[in-house]
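# dropping a prediction and its sequence here:
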Amino acid sequence: MNPNFFAAKFSNKQKRLWEAFVFLLKVIVFSIPLYIILTFHSILYPLQDIVSQNVYYVLVLFGFDVVRNGFLLNIHGGNPFVFIVSEDCTGWKSMLFLTALMLAIPKVAWKKRAAGIVFGIPIVYLGNLLRILLIVNVQQAYGIEFAGVVHDYLWQAGLISLVLLTWVLWLTWAGKIKMKFLKDKKR
């Protein structure tokens, strides 16, 4: 390899392409915990327990007749419904991906990264809890088939959108992007 390769002059387009490549490479590296967790999924049991407790308490608060047995929630009344809060119901992949996105962005102070993660993860966690609660409500109102569609398609896109929106807002706050509509309102 030519020792002057990195000293070579790149065009602006080549620099942006290189930066995009490095960003994607960092996202892949920061996503390695995904594969570790998928291999040792028992790591997620404490998070599953917390999510199932939170869902249980909110359902009880809203007047549902529900019994919790570990990760299993059994809703009595209207449309009886039993579901398990599985590893994938915890939102851990969304939280991990948001973290990877924030860590992969170049030239951001570590304090801003930490603040983004500290505020971003609870946003994704609460969004995931809302997802579960709304799916339960859809099941009670429209049945299991419609709830399955909402679960499998709408809320998958919803969580992805929440992660990306949180990331874009963080990018704006961190000064990495400028939003024209925000700039226009300040005038």
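Nice, thanks for sending it over. Numbering: from 1, shown residues only.

# show me what contacts R113?
M102, L103, I105, A174 (Cβ atoms under 8 Å, 6 or more residues apart in numbering). Backbone N, C-alpha and C define where each C-beta goes, glycine included.

# swap the cut-off to 7 Å and go again
Listed by Cβ atoms under 7 Å, 6 or more residues apart in numbering, the contact set of R113 reads M102, L103.

# same thing with the one 3 residues further on?
Taking Cβ under 7 Å, 6+ apart as the criterion, G116 is in contact with M102, W170, A174.

# try it again with 6 Å
G116 makes contacts with M102, W170, as judged by Cβ atoms under 6 Å, 6 or more residues apart in numbering.

# how far away is it from V108?
For G116, the distance to V108 equals 8 Å [Cβ to Cβ, to the nearest Å].

# helix or strand right after the longest helix seen in the chain?
Longest helix in the chain by number of residues (criterion: DSSP state H): helix 110-142. For helix 110-142, the succeeding helix or strand toward the C-terminus, using DSSP states H and E, is helix 144-149.

# would you mind pulling the contact partners of that next one?
I135, V138, Q139.

# go again using 10 Å as the cut-off
The contact list for helix 144-149, computed with Cβ atoms under 10 Å, 6 or more residues apart in numbering, reads 79, 81, 83, 134-142, 151, 155.

# so what does the following helix or strand past it touch, helix or strand wise?
Where DSSP H and E defines the elements, the next helix or strand beyond helix 144-149 is helix 155-173. With contacts defined as 3 or more Cβ pairs under 10 Å, 6 or more residues apart in numbering; DSSP states H and E, helix 155-173 has these neighbours: helix 92-104, helix 110-142.

# how about the longest one, which residues are buried there?
In other words, helix 110-142. 112-113, 116-117, 120-121, 123-125, 127-129, 131-136, 138-140 (16 or more other Cβ atoms under 10 Å).

# between G116 and V108, what contacts are shared?
What both G116 and V108 touch, as defined by Cβ under 10 Å, 6+ apart, is the set M102, W170, L171, A174.

# wait, the second one sits on M102?
Yes: with contact taken as Cβ atoms under 10 Å, W170 and M102 are classed as touching, separated by 6.2 Å.

# what sits in contact with each of the two?
With Cβ under 10 Å, 6+ apart, W170 and M102 have common neighbours V108, K112, R113, A115, G116, I117, G120.

# give me the pLDDT for the second one.
This points to K112. K112 is assigned 96 on the pLDDT scale.

# so for K183, what's the pLDDT?
As predicted, K183 sits at a pLDDT of 58.

# equivalent analysis for K186, please.
With respect to pLDDT, K186 scores 55.

# now this structure, which segments are flagged as low pLDDT?
For the chain, applying pLDDT under 70 flags the ranges 1-8, 41, 181-187.

# can you list the helices and strands packed on helix 155-173 in CSV and add distance to F21?
Below are the helices and strands packed on helix 155-173 laid out as CSV (distance: least, Cβ to Cβ, whole Å):
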stretch, distance to F21
helix 92-104, 11
helix 110-142, 20
